[in-house]
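K.L.:
got a predicted structure plus its sequence, pasted below:
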Amino acid sequence: MTFFIGRRLAQALLQIWGAITIVFVALRVLPGDPAELILGSQATPDQLTELRAQLGLDDPLLVQYVRHLGDVVRLDFGESWRQGMAALDATLVRLGPTLSLAVWAMVFTVVLGFLSGTYAARHANSPIDHLISVTSLVGQALPPFWIGIMLSLIFARGLQILPSTADGTMASLLLPAFTLALPFVGWLGRLVRTGILEEMNQDYVRTAQAKGLSRRVVFYVHVLRNTLVPVVTMLGLLMGNFIANGVIVEVVFAWPGIGTLLVDSISFRDYAVVEAVLTVVTICYIILNLLVDLLYGYLDPRIQLENA
Amino acid sequence: MTLDTITRLPLRAHLAFGTVLLFVAAGVLGPLLAPFDPTRTSPQDRLSPPGSTLSDGTTAWLGTDQVGQDLLAEVLAGMRTSLTVAVVTVLIGGGVGLLLGLLAGYFGGWSDGIISRVGDIQLAFPSLLLAILLAGVLGPSMVNVIIALAVTRWVIFARVVRGSALAVRDREFVHSARVMGASPARIMLYYILPSCLPPLLVAATVQVGLTMVAEASLSFLGLGVPTTQASWGSTIAQGRDYLASAWWIAAVPGLALALVVVAIGILGDLLRDASDPMTELS
């Protein structure tokens, strides 16, 4: 177990280093002069030279890279020129709304996914099972930002029962959380359905039925509990996805999270904030994946043997 | 494939194939049927609902947008953008992925180590965010969108090809070829590649659909193709400001995107079933 954890930790550190490097390469190595972007086309050559020296852009790339790694380790991403505060602080302020959106999307996914998956498995090959599988296929294929707009067209403009943009109320959470959850409801539902149907063929189910337990008890006490193990661990992956994919849903609903912050910062070339947001989100994502793997290894020791 | 096997395909196969064919034809021929000119405006026709007659006597079957453009022409032009970006991205990403996947899968060892590790690191970075970052830094242009999306896709193809290459590289016919003195390049091309193609084709089909959604998402955020080019994503973004007065501007391009993506998804599933004989048994 220690070996497995150590190996997985080393891998996660490598991934975090890789993510920091990807962001560095994209922002500093690719064409484009940050000084010119910050000052605009009106800037005089003197101003540009001064800002470049101030930002350390005249140093060789390798020197900039090493300095950047040092800065990131000390959690120093520089100042946001647009907001006049430390880029990391500007990011952390916006993390709360993103997390609450992700948590509610998770609640929607779990409740709807489990209900539809269990129902579909109990009534396998019935018309409703087919309806659920078609809905989940379509739900996974539809572009989330469009779903968001259509939902706000129907519920906010048409029926006028829900607000279409963030206003701090619980009601304004419903549409974005549901939009974010929708593609994964079908995904989880299919996962639960296949899991249950596979478990139903196991020997212990026959034994339980043979000793006279009712179908209901066999299903809810034995089968469902065994289906939970793989499904629950997958939920960690979902959380990472909700934080990362929330970007576009946040923009649709003007949700004050890190997604809107990221898109605004890219448009305004506020690269310190872009770096801070991407680093924070990617580290969250990598750590969640790490936790999922460790949890899975703990719940199902066979996994460790495969990876050892 | 005989006529008999074609007619025995499930109904959804015909529907999906027909939809994809219709969209491809519309994308290729669209500009001939309804030319799209992004600079033309017609203020007296703005925000006309679907089916209304315009000031020049023509009918706008899908309505008009906020500057009086015929939405049908805009959707057709957007189809062309979407299709071009998706196909070129998948060709580039698939080509790079195929090459690296073959090298990693056939040679193993350090080449596999490097390629797989770089892939792992990249997959740890959420692909939507990577695309947003690259497209945002490179600036709005169709070439840049393709670069940004191809960078996020190659890993998927490389993994698929590496898996298939690994599965056949120790088979007897490969050993025989090596004993006969075939060069690694020849072995990869004639013995390994053929068994990698079916799963690669399945992956490519699925990725065309996903890339279309990704392109629309980037354009929706204003990071995709420039505003002088039609894109479903940017049309939807514009339509968002007119939801109360002209719902069709946002609804129609999204509906087109949804239709074609679902159809491509169904085709991908069918291809997967067809390339895997095991599914027929179950």
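P.N.:
Arrived safely, thanks for sending. Residues are numbered from 1 along each chain as shown, chains lettered A, B, ... in the order given.

K.L.:
and the helices in chain B?
P.N.:
For chain B, helices defined by DSSP state H occupy the ranges B:3-7, B:11-33, B:71-107, B:109-123, B:127-138, B:142-168, B:172-179, B:184-187, B:193-220, B:232-240, B:248-275, B:278-281.

K.L.:
check contacts around the nearest residue to B:Pro140 once chain neighbours are set aside.
P.N.:
Closest residue in space to B:Pro140, ignoring its immediate chain neighbours: B:Pro226 at 4.6 Å, by Cβ to Cβ, 6 or more residues apart in numbering or on different chains. In this view, the C-beta of every residue, glycine as well, is placed from N, C-alpha and C. The contact partners of B:Pro226, by Cβ atoms under 8 Å, 6 or more residues apart in numbering or on different chains, come to B:140-142.

K.L.:
between the residues you listed, which has the most around it?
P.N.:
B:Pro140 (19 neighbours; other Cβ atoms under 10 Å in any protein chain shown).

K.L.:
nearest to A:Thr2, out of the helices of chain B?
P.N.:
helix B:109-123 (22.0 Å; Cβ to Cβ).

K.L.:
go ahead and confirm B:Ile266 touches B:Arg12.
P.N.:
Yes: between B:Ile266 and B:Arg12 there is a contact under Cβ atoms under 8 Å: 5.5 Å.

K.L.:
give me the more crowded residue out of those two.
P.N.:
Taking other Cβ under 10 Å, B:Ile266 and B:Arg12 do not tie; B:Ile266 has more neighbours (22 against 15).

K.L.:
coming back round to it: TSV please, covering the helices of chain B and showing distance to A:His123.
P.N.:
TSV is the format used below for those (distance: least, Cβ to Cβ, whole Å):
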stretch	distance to A:His123
helix B:3-7	32
helix B:11-33	21
helix B:71-107	37
helix B:109-123	37
helix B:127-138	35
helix B:142-168	35
helix B:172-179	47
helix B:184-187	51
helix B:193-220	29
helix B:232-240	37
helix B:248-275	22
helix B:278-281	23
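
K.L.:
helix or strand right after the helix or strand encompassing A:Tyr119?
P.N.:
Using DSSP states H and E, the element containing A:Tyr119 is helix A:87-122. Counting by DSSP H and E, the next helix or strand C-terminal to helix A:87-122 is helix A:127-141.

K.L.:
let's see that following helix as PDB, backbone CA atoms only.
P.N.:
The C-alpha coordinates for helix A:127-141 follow below in PDB (Å, rounded to 0.1, in the frame of the first residue of the first chain):
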ATOM      1  CA  PRO A 127     -39.900   1.200 -23.000                       C
ATOM      2  CA  ILE A 128     -38.900   3.500 -20.100                       C
ATOM      3  CA  ASP A 129     -35.400   1.900 -20.000                       C
ATOM      4  CA  HIS A 130     -35.000   2.700 -23.700                       C
ATOM      5  CA  LEU A 131     -36.300   6.200 -23.200                       C
ATOM      6  CA  ILE A 132     -33.800   6.700 -20.400                       C
ATOM      7  CA  SER A 133     -30.900   5.500 -22.600                       C
ATOM      8  CA  VAL A 134     -31.900   7.700 -25.500                       C
ATOM      9  CA  THR A 135     -32.200  10.700 -23.200                       C
ATOM     10  CA  SER A 136     -28.800  10.000 -21.700                       C
ATOM     11  CA  LEU A 137     -27.200   9.700 -25.200                       C
ATOM     12  CA  VAL A 138     -28.700  13.000 -26.300                       C
ATOM     13  CA  GLY A 139     -27.900  14.700 -23.000                       C
ATOM     14  CA  GLN A 140     -24.300  13.700 -23.300                       C
ATOM     15  CA  ALA A 141     -24.000  14.900 -26.900                       C
END
